[in-house]
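Colleague: whatever this is, show me its structure:
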Amino acid sequence: MASDPARGVLVRIRAVLPSLRPAQRRVADAVLRDPAGTAELSIGRLAQECETSVATVLRFCHSAGFQGYPDLRLALARETSREAAGKADATALSPDIERDDTLADIVAKIAFSDAKAVEDTAATLDLAALGRAVEAVADARRIDIYGLGASGFVGQDLHQKLHRIGLLAFVWPDPHAALTSAALLDAQCVAIGISHTGTTIDTVDALRAARESGARTIGITNFEPSPLTDCADLVLTTAARETTFRSGAMASRIAQLAVIDCLFVGVAQRSYDRTVSALSRTYRAIQSRRTPAQPAARLRDH
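Modeller: Down below sits the predicted model:
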């Protein structure tokens, strides 16, 4: 898990939410709705309030990565205590957009939500998995990247970064092209699938096909477990919330971009001198194509 699992307890619960059974989901909803209050409840009382059994509460704890209910209560107490000082601001800046919000409210909420997504992602990112992903990408003969929609834009950003430091990388936003590429990979290749929900069927199919071809697979998603993580050898999770009007929102993309930046910089650092040289050469190539400055009089004539 992350280097500070207590801090990420609510993030972890949101991440497993889609995979929970209905009774466990009621427990998760109760915890997310009032984490401080839940920390004060006995396991029997929480089960009663959620109209379920003590055994179901225990199964929920295990699904969220805790050994038992005492561990969950302790983590909730630590997290709510840590955030108590900023609780009023966090409440005022709920990411949900309300009917009567002013434009200033909207700007503040979006800024808060995006910053929170990056903060929570950094706090809960599995550093061991990230390290193995860095090694896999740095040593790969070829890197293929899959993603659709907003995640496709993130994939294009990662492709551009890797390509610019001299690595052989491809991005495949078209589902058929993605499957074709996956069929041609081998054990010296790495395939990266990006999906916020982890359920985008075309991305999942491409990553699964890449794994069947022998490639090392990396999944970048907000939810674990999910279909994407089922076919990923390594999983890097984000921690963003999509809310009213904001499905596929900037918060999820910013969180994904933060993860791929960490991945890219880790890879680049592995070959520091070569990376600096490649970046310098590509920068000079772009600079040489810029139009020289023209006198002000000539600019006015046109």
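
Colleague: grab the nearest non-local neighbour of the residue nearest the centre of the chain.
Modeller: By CA atoms, centre = their mean, the mean C-alpha position of the chain lies nearest to residue 238, the distance being 2.3 Å. Once flanking residues are discounted, residue 238 sits nearest to residue 255: 3.7 Å by CB to CB, 6 or more residues apart in numbering. Glycine gets a C-beta too; all of them are placed from N, C-alpha and C.

Colleague: what comes up buried for whichever strand or helix holds residue 107?
Modeller: Taking DSSP states H and E as the definition, residue 107 sits inside helix 103-124. Residues of helix 103-124 classed as buried under the neighbour-count rule (16 or more other CB atoms under 10 Å) are 109, 110, 112, 113, 114, 116, 117, 118, 120, 121, 124.

Colleague: next: stretch 72-82.
Modeller: Within stretch 72-82, the residues that count as buried by 16+ other CB under 10 Å are 72, 73, 75, 76, 77, 79, 80.

Colleague: what mean pLDDT does stretch 170-189 have?
Modeller: Averaged over stretch 170-189, pLDDT sits at 97.

Colleague: one more: stretch 39-53?
Modeller: 95.

Colleague: equivalent analysis for stretch 16-35, please.
Modeller: Regarding stretch 16-35, the rounded mean pLDDT is 93.

Colleague: number the residues from 16 up from this point.
Modeller: Sounds good: first residue 16 from here, last item stretch 31-50.

Colleague: walk me through the domains of the protein.
Modeller: By the record's domain assignment, the chain is partitioned as 24-100, 142-301 (automatic domain parsing).

Colleague: do you know which of the ones you listed lies nearest residue 112?
Modeller: Of all the domains of the chain, it is domain 142-301 that lies closest to residue 112, at 4.9 Å by CB to CB.

Colleague: how long is the closest one end to end?
Modeller: Using CA to CA, to the nearest Å, the end-to-end distance of domain 142-301 comes to 34 Å.

Colleague: for it, what is the distance to the chain centroid?
Modeller: 11 Å (CA atoms, centre = their mean, to the nearest Å).

Colleague: how about stretch 46-54?
Modeller: The answer for stretch 46-54 is 24 Å, by CA atoms, centre = their mean.

Colleague: which residues touch that stretch?
Modeller: 24-25, 28-29, 45, 61, 87-89, 91-92, 94-95 (CB atoms under 8 Å, 6 or more residues apart in numbering).
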